[in-house]
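1. Sequence and predicted structure are below.
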Amino acid sequence: MQSSEERTSPQTKSIMRFLRPTLNALGVPLLAVLTAMIVGGLIIAFAGGDPFMAYIGLFQGALGSPRALSETAVWASPYIFAGLAVALAFRGGLFNIGAEGQLAFGAVMAALIGYALPGWLHIDLPAFIHIPLAVGFGALAGALWAAIPGALKAYTGGHEVINTIMMNYIALNLTSFLLNGPMRDPNPLNVIARTPGIAESARIPPIFSGFRVHWGFILALLVALAVWWLLWKTTLGFEIRTVGANPDAAKYAGIDTKRTIVLTMALSGLLAGLAGTIEVTALNYRHELGFSIGYGFDAIAIALLGKTHPLGVVLAALLFAAMRNGGTRMQFLTQIPVDIISVIQALILLFVAADAIIRYIYRIRAREERVVLTRGWGG
Amino acid sequence: MKRLYGVIAVLLVAALLMPACAPKAPDCTKADVFCVGMVTDVGKIDDKSFNQSTWEGVKLAEKELGAIVQYLETTDSKDYAKNISTFADAGYDVIVTVGFALGEATAAAAVQYPNIKFIGVDQFQAWPYDEDKTNDIANLAGLNFPEDQAGFLVGALAAQMTKSGKIGGVFGTDVVPPVWRFGEGYRAGAQYITPAIELFIVYHNDVGFDKTFTDPEWGATTANSMIDKGADVIFGGGGKTGNGAVIAAAQRSVYAIGVDTDQYYTLPEAQKMLLSSAMKLLTPGTLELIKLAKEGKFPSGNYLGKGGYAPYHDLDSQVPAEVKTKMEAINAGLLDGSLLTNVPPVKP
Amino acid sequence: MDWRRFGFIAFIITILFSVVVLIGKAEISPVVIVTSMLATTIAVATPLTLGALCGVYCERAGVVNIGIEGMMLAAAFFGWLTAIYMNTVFGLAPMPSLLGGVAAAILTGGLLGLFHAVLSVTFKVDQIIGGTVINILAVGITGFLNRQLFFEKGSIFGGNVPHAPGVLPRIQIPLLADIPVVGRIFDQQPITFAAILLVIITHFVLFYTRWGLRTRSVGEHPRAADTVGIDVYFMRYANVIIGGMLAGLGGAYFTLESVPSFEPLMTNGRGFIALAAMIFGNWTPFGAWAAALVFGAAQALQINLQFFRESIPPQWAFLQISYVVGLAPYLLTMIILTGIIGKNIPPAADGQPYEK
């Protein structure tokens, strides 16, 4: 490989110059994924399953047909949003473990605007107004849900990890209450704790008819781009990253750290809220209990796997979505419990986080670079 | 670095080669291969009650009808439709979906795949698929059970067996109609015997939907709390949450009543104090419908399965003869309609 | 000791109890209600207390551990599995099987503690990530093995649910347990008693022994500790392993003391509540226990409010909505965290890897 490199033209060289850092950045996560799948395969074999069959099923189910691809994109949409939410907070030195609650609260609000607003206003809203309203309110609800722990962190020092966990439980209780009570679908045939279906005008349509993949997926990709732009091309992004990297230096440089912390959490919550909102407005067309199980925790793994970079998050979200989606076919072909997916995901996270293990296995030299994600509880 | 590229290249090639060897599955599209698939709700197949009983019925179809059987566990509600169509696209002949929450997805799939028979367990077929008309979908049968009657029976039994005049019931969430019917039937049956009876009825509403049936620790704690207040019969209804209550009651040596199946066989830990179980005969009901599907006599609309109460087993000698007679009379009354539980099908 | 905090906690618990006594049915005496609520409170608090003690050991030594949830879940599973194996495969009597199960649970917790220590002390992986890995791994492994071993055709028990050897028996404390009504509080299962005992032991170890002094110095100022010859890495390893073992005992509560069965995800977020209880209790054993009792009392209240649903006076109708009460402990924790009743002071070097 390197012999060709030596003889290459200047253009190829410049391509290589661009490619090499990308490959380097991707290298360890990629090896982590493959190593995790090998270990996962050993566990399957140990438990009496057929790992090859399992992975073939996983592959077919995730990417094997247009429908499989569409379903993977459907799974990826909330993952991208939620992963970006956690990643953005990490960049600002905050650990948002409460994406789950922000997501649920955003979904409830989006559903409320989706089904009730036309009735309140006594007019039929056109889709180009109703959809942004529903999506916007859902996102704002998520932002509010995260801004509370943000403000508590900034002004009282209450740690955001505990406060966002508490806000998760509060959101869970609140959602259960709303969906069983005031917001319950009044249709007498309805037996489930769920909201009425949202109005046609609030529904984000699928991209291709016959497939479930919707414009929310495209929106997720655009938002990933926007987050990248925000973090690296704007003053606010600079402030967020500075506060994240070194709050004392940030204070010294005249950045209002308290305001930045609240804003970072609010933006993070906004993204998480979008995850829930998109599920309501583009996929389920209503909110019901039993949805969004564990997105918040998957999002943490996705953000870490993506090295808290928006592009990385998108790739990690696609990978997780492919695994979750392909899990069905794997289960169908081999009856291997889908829990093995969680095992593999944990292993991926482990190998990415403790990249020393991967570097040791494959004898790859280390580059000194460590992202400090969190500091202690103190501040 | 070169080593890194090398390793990645080798592994990538290996990954790309894998799909080349496609797996062989039994071909369900053939007319002479009879395949039955089952899709669970967001819950586990081995829950020792609801999903598992249905799966037992599907497995009996494997044994008795030579069917090829397979299940899929749903991990997220957005996968209902996908999981159903995974079976449908593979050419399965009968697809069993378990739980009221899959009702709409099942009805939609039944319309989409008219040649496949769908059995919706606990899915009352009045779905607003076509809101004005009540036309049944020809290839869809809802398997429902008179949970209120089963609850009524064990409620009456509990009220007759209690010495303290206090009885308890620990349930999953009342948002699920069958669970609510068990609970209210229990209440009605107990009050039918002793109108002023002291009843402790608790639903596990305070957790997420995915947890409400899978929290045995909470079930045990709640049952213990009831026993501390003097309750001496505990009915545990609702998946593993209820199982926790049944086991806790047995450990404290008060009468326990199981749910869904005869839990004498599924909860050996509680055998010595298990008075009876409020049964919905899921296993035979499922098998019966699969048989009808195979014979081409598939019923559409609602198919009412059987309910009842399980034998007293080890405690047979402790149940007085007059109680046994009374129980039989109540059961007969419920069956012929002369006795009504007055429990509406859905929580108002 | 932080008396203001304890006063506040006692006040909250009293209020929670009084609500139930006030609305309780006339036929049931307040003493019975209070006793039964206390019994529920103590039982519910057991895994929370042990989880919080795990947090106290880890964090006092400077290692943040959000993997308590995963440690408890894995310990619950492997403890239960061991008990079943010893009972059904090796044919041991229920009691030794159960004790073997408890030992296996503690061992599982200890091993995961070791794993966390390797990641966070030796590899200097971000400690939050280490904990997250443990949490996700525990969910996957237990769910997968539970299915693969017990349900699938061809599994070791042939797809049949094996007969678990029951749960740990109750222990009555002589004399105290004989007091009518109130005696119920002294009639609990062994892990519950152990948890209370361990609170006292931890308090003693942490504040009155050399080991405790060293542990705290490693968590407050590892550089200084190193200079006076304390092995920072060893102290951190040891304490995280001890913490893991306590979380393991907390896991044993679920499958060997509460109910004799395992359920995927059965710890149900209690590890995170335990973490909150530790912070609530300001990184002290007694504080953590008191906080765990608040969570226990709130749970007891929620259960009891449903018992007495019919007798709730109309002006208090909001109490009928169990969700409202369900919010109380979470809101309280957030209030405590704001520092209005005493400042929360974590160990100074908590969460920071130490480079020699």
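-> The structure has been received and is ready for your questions. Just so you know, these numbers come straight off a predicted model, no measurement behind them. Residues are numbered from 1 along each chain as shown, chains lettered A, B, ... in the order given.

2. all contacts plus neighbour counts: C-alpha atoms, from now on.
-> Noted.

3. show me where pLDDT drops low in chain B?
-> Where chain B drops to pLDDT under 70, the residues are B:1-26, B:43, B:47-49, B:126-135, B:206-210, B:346, B:348.

4. Okay, domains of it per the record?
-> Listed by automatic domain parsing, the domain ranges of chain B are B:26-144, B:147-279+B:312-336.

5. tell me the most buried of these?
-> Among the domains of chain B, domain B:147-279+B:312-336 has the highest mean neighbour count (mean count of other CA atoms under 10 Å in any protein chain shown), at a mean of 24.

6. measure that one end to end?
-> Taking CA to CA, to the nearest Å, domain B:147-279+B:312-336 runs 16 Å from one end to the other.

7. Now do the helices in the stretch 51-200 of chain B.
-> B:80-89, B:103-112, B:147-161, B:177-193 (DSSP state H, counting those that start in this stretch).

8. Same list, these, but as CSV with distance to chain A please.
-> Shown next, in CSV, are these (distance: least, CA to the nearest CA, whole Å):
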stretch, distance to chain A
helix B:80-89, 7
helix B:103-112, 10
helix B:147-161, 15
helix B:177-193, 7
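
9. re the thing from before, for residue A:179, which of the domains of chain B is the nearest?
-> Among the domains of chain B, domain B:147-279+B:312-336 comes nearest to residue A:179, with 10.0 Å by CA to CA.

10. Please see if the closest one touches chain C.
-> Yes - in terms of CA under 8 Å from any CA of the partner chain, part of domain B:147-279+B:312-336 sits within range of chain C, namely B:199-203, B:205-206, B:211, B:214-217, B:220-222, B:224-225, B:228-229, B:240, B:244, B:247-248, B:266, B:268-269.

11. and the residues you listed, which of them are in helices?
-> Counting by DSSP state H, these place B:216, B:217, B:220, B:221, B:222, B:224, B:225, B:228, B:240, B:244, B:247, B:248 in helices.

12. close enough to count as contact, the last one and residue B:222?
-> No - at 9.1 Å, residue B:248 and residue B:222 do not qualify as touching, with contact defined as CA atoms under 8 Å.

13. three-state assignment of residue C:349?
-> Residue C:349 carries the three-state label coil when classified by DSSP: H, G, I helix; E, B strand; the rest coil.

14. Enumerate every residue touching it.
-> Contacts here follow CA atoms under 8 Å, 6 or more residues apart in numbering or on different chains; on that basis residue C:349 touches A:376, C:62, C:218, C:219, C:220, C:221, C:222.

15. mind running it again at 6 Å?
-> The neighbourhood of residue C:349, defined by CA atoms under 6 Å, 6 or more residues apart in numbering or on different chains, consists of C:62, C:219, C:220.

16. And the ones in helices among the residues of domain B:147-279+B:312-336 next to chain C, which two are furthest apart?
-> Spatially, the most separated pair among these is B:228 and B:240, at 21.6 Å (CA to CA).

17. one step back: would you list the contacts of residue C:349 in JSON lines and tack on secondary structure and pLDDT?
-> Shown next, in JSON lines, are the contacts of residue C:349 (DSSP: H, G, I helix; E, B strand; the rest coil; pLDDT from 0 to 100):
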{"residue": "C:62", "secondary structure": "coil", "pLDDT": "92"}
{"residue": "C:219", "secondary structure": "helix", "pLDDT": "92"}
{"residue": "C:220", "secondary structure": "helix", "pLDDT": "92"}
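
18. if we take these, which one ends up nearest to chain A?
-> Distance to chain A across those (CA to the nearest CA) is lowest for residue C:62, with 8.6 Å.

19. which intervals of chain C have sub-threshold pLDDT?
-> Along chain C, the model assigns pLDDT under 70 to residues C:1-2, C:24-27, C:151-162, C:181, C:309-325, C:340-343.

20. same deal with the stretch 151-300 of chain A?
-> When residues are selected by pLDDT under 70, those of the stretch 151-300 of chain A lie in A:188-191, A:290-293.

21. what ranges do the helices span in it?
-> All helices of the stretch 151-300 of chain A, identified by DSSP H, counting those that start in this stretch, fall at A:160-180, A:215-233, A:235-245, A:247-252, A:257-278, A:295-305.

22. For the fourth one, which helices and strands make contact with it?
-> Contacts of helix A:247-252 with other secondary structure elements, assessed using 3 or more CA pairs under 6 Å, 6 or more residues apart in numbering or on different chains; DSSP states H and E, are absent: no helix or strand is involved.

23. do the same with the last one
-> Contacting helix A:295-305 under the criterion 3+ CA pairs under 6 Å, 6+ apart are the following elements: helix A:66-91, helix A:310-334.

24. how about those, which one is nearest residue A:35?
-> Closest among the helices and strands packed on helix A:295-305, using CA to CA: helix A:310-334, at 14.5 Å.

25. Against which helices or strands is the closest one packed?
-> When contacts are defined as 3+ CA pairs under 6 Å, 6+ apart, helix A:310-334 sits against helix A:51-63, helix A:66-91, helix A:295-305.

26. Need the residues touching each of residue B:248 and residue B:222.
-> Joint contacts of residue B:248 and residue B:222 (CA under 6 Å, 6+ apart) do not exist.

27. Which of the helices and strands packed on helix A:310-334 sits closest to residue C:304?
-> Evaluated over the helices and strands packed on helix A:310-334, closeness to residue C:304 peaks at helix A:295-305, with 31.7 Å, by CA to CA.
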